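**Student:** Dropping a prediction and its sequence here:
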Amino acid sequence: MYLYAPKTNEEAKEIFLEWSETPKEVKSICVLAASNYESILKDCFDNYTLNLTNKDILLFESDNQYNLPIITFRVSMYGASYLAGISACSVASGEYLAIGATRQDMSVLLPSLNGFSDGVYDYNNKKVNLEYLSDDFSGYSMSEETYKNMYEWGKKYSFIFPVAGGSNLGIYKFLREFPNSTLTAGMDVDQSYLCNEIVGSVIKKLDEIISFYINMWANEIEIPKKTLFGLESGYVEWRISDNYKSQLHDIINKYITTAINKEQKYYDNK
């Protein structure tokens, strides 16, 4: 097994092309662990003669819009975010804010933002306010700016749902320094340890998904070319923080089937 962390798209392209030239007698799989590699793949398929005999390609977080001969999956955060919206209404009254990192990554961000907004609206018929941090991908790394915005947001909103990568850390830092300002959610992994105001975390179990794919590949089981993993799959979860379990356990159990059904309908309508 070889592990690479290319610093540029050109470096990633060179690594991929070198892999494609390995002997066809050797069975191998190339795992591309970010959706931005999709454009690199398209360039390689369009402009190079690739030797892909006995080779497979797995791309994270993609709908395979170019219909490339690869395996793709997408993780839906809609259902778990819907439960986050239900939880927000259960523990906080007032105004609610959802934060997106950028307007450029909507296929990834919108299911989370819409899921949270739908959960809030279904529970108490209120609309969620929406803010974007940037027009480009810098919105994922604006923790200082987010921290400064919290001086205003913390006074205005009773619950903040941030889908902004590393920028979320500015919110958690603020809430450690100014506890009880507002409530919020963790994202991607269990982040409840970062501050007491994290009610729960929307979790993507990417480690388990990769294990699922690699085991199928190693055992020569046919792998679906495109898969969506949502709340029902068990690879996505709304995990309530310990401080809020007694308050939210019953309400989440009540709404989890609704969240699964809403998530399925959300994608059926696309």
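**Tutor:** Good, I have the coordinates.
**Student:** Do you have the helices of the stretch 151-270 of the chain handy? List them.
**Tutor:** 168-177, 206-218, 245-268 (DSSP state H, counting those that start in this stretch).
**Student:** which one of those lies closest to Ser117?
**Tutor:** helix 245-268 (11.5 Å; CB to CB). Where C-beta positions appear, they are placed from N, C-alpha and C, glycine not excepted.
**Student:** what's next to the closest one, contact-wise?
**Tutor:** 76, 78-80, 82-83, 86-87, 90-91, 111, 114-115, 118-119, 122, 199-200, 228, 230-232, 238, 240 (CB atoms under 8 Å, 6 or more residues apart in numbering).
**Student:** what about Ile99, how many residues close to it?
**Tutor:** Neighbourhood size, Ile99 [other CB atoms under 10 Å]: 25.
**Student:** re the thing from before, from the contacts of helix 245-268, which land in strands?
**Tutor:** 199-200, 228, 238, 240 (DSSP state E).
**Student:** Can you add distance to Pro23 and neighbour count and give these back as JSON lines?
**Tutor:** Shown next, in JSON lines, are the ones in strands among the contacts of helix 245-268 (distance: CB to CB, whole Å; neighbours: other CB atoms under 10 Å):
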{"residue": "Val199", "distance to Pro23": "53", "neighbour count": "25"}
{"residue": "Gly200", "distance to Pro23": "49", "neighbour count": "28"}
{"residue": "Leu228", "distance to Pro23": "34", "neighbour count": "16"}
{"residue": "Trp238", "distance to Pro23": "46", "neighbour count": "28"}
{"residue": "Ile240", "distance to Pro23": "50", "neighbour count": "22"}
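**Student:** Max pairwise distance over those residues: which two?
**Tutor:** So, these by CB to CB: farthest apart are Val199 and Leu228, at 26.2 Å.
**Student:** min pLDDT across the ones in strands among the contacts of helix 245-268, which one?
**Tutor:** Within the ones in strands among the contacts of helix 245-268, Leu228 has the lowest pLDDT, namely 94.
**Student:** so what's Asp105 closest to, chain neighbours aside?
**Tutor:** Phe137 (6.9 Å; CB to CB, 6 or more residues apart in numbering).
**Student:** number of nearby residues for that neighbour?
**Tutor:** When counting by other CB under 10 Å, one arrives at 13 neighbours for Phe137.
**Student:** contacting residues for Gly79?
**Tutor:** Gly79 neighbours (CB under 8 Å, 6+ apart): 115, 230-232, 236, 238, 259-260, 262-263.
**Student:** quick one on the thing from earlier: pretty sure the residue nearest to Asp105 is touching Val108, no?
**Tutor:** No: contact criterion CB atoms under 8 Å: Phe137 and Val108 do not qualify, at 11.0 Å.
**Student:** related to what we said a few turns ago, put the buried members of the contacts of helix 245-268 into a PyMOL selection.
**Tutor:** Here is the PyMOL command that selects the buried residues among the contacts of helix 245-268 (16 or more other CB atoms under 10 Å):
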select buried, resi 76+78+79+80+82+83+86+87+90+111+114+115+118+119+122+199+200+228+230+231+232+238+240
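**Student:** Go ahead and name everything in contact with stretch 61-76.
**Tutor:** So stretch 61-76 is contacted by 34-35, 38, 41-42, 45, 52, 56-60, 107-108, 111, 204, 206, 209, 213, 223-231, 235-236, 263, 266-267 (CB under 8 Å, 6+ apart).
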